[in-house]
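Novice: Got a sequence here, can you build the structure:
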Amino acid sequence: RPDLAAALRELRAQYEALAARNLQAAEDWYRARCARLHERAVRSQEAVRASRREAGECRRQLQARLAEMESLRGAHESLERQLQELEERHSAEAASLQDTIGQLEDDLQNTKNEMARHLREYQDLLNVKMALDIEIAAYR
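Specialist: A predicted model of the protein is given here:
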């Protein structure tokens, strides 16, 4: 019996030592795992912060681009209106000039007709004068 008790104590001591080693190994593994997870969490937090900073910068750039785009859209609309006004003004001036050209052509035609009439009258008068000169010469 004392041998059995001593063997049981020995066996119990071995089991307790093995349990202590296993417990220590489990604690070491747990601590290492926690340390790695903590490091990963820190890196993840840093990555999240960097991502947030980058997202904020992207938002600022987007807002700047949107503001620039709205400004350019306003400038484009203004230029389109100015172009439309210029085209309308040009069309009105072209129509006015066409009317003026038409009037001048009519005046020119009237002047030509009047000159032709005067030329005929002048020819008639010249013919009468020549006839009178001939008649005067005949009487002399």
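Novice: Quick check: mean pLDDT of stretch 71-78?
Specialist: If you average the pLDDT over stretch 71-78, you get 97.
Novice: can I get the CA coordinates of it in CSV?
Specialist: C-alpha atoms of stretch 71-78 as CSV (Å, rounded to 0.1, in the frame of the first residue of the first chain):
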residue,chain,number,x,y,z
SER,A,71,-18.7,77.3,-61.6
LEU,A,72,-17.8,76.1,-65.1
ARG,A,73,-21.4,75.1,-65.8
GLY,A,74,-22.5,78.6,-64.9
ALA,A,75,-19.7,80.1,-67.1
HIS,A,76,-20.8,77.7,-69.9
GLU,A,77,-24.4,78.8,-69.6
SER,A,78,-23.4,82.4,-69.6
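Novice: Please compute how far it lies from its chain's middle.
Specialist: A distance of 9 Å separates the centroid of the chain from that of stretch 71-78, by CA atoms, centre = their mean, to the nearest Å.
Novice: Could you list the buried residues of it?
Specialist: By neighbour count with 16 or more other CB atoms under 10 Å, stretch 71-78 contains no buried residues. The C-beta positions use only the backbone N, C-alpha and C, and glycine is treated the same way.
Novice: For burial, what's the neighbour tally of G102?
Specialist: Counted with other CB atoms under 10 Å, the neighbours of G102 add up to 10.
Novice: separation between it and S96?
Specialist: Applying CB to CB, to the nearest Å, the value for G102 to S96 is 11 Å.
Novice: Go ahead and flag the most central residue of the chain.
Specialist: M69 (5.7 Å; CA atoms, centre = their mean).
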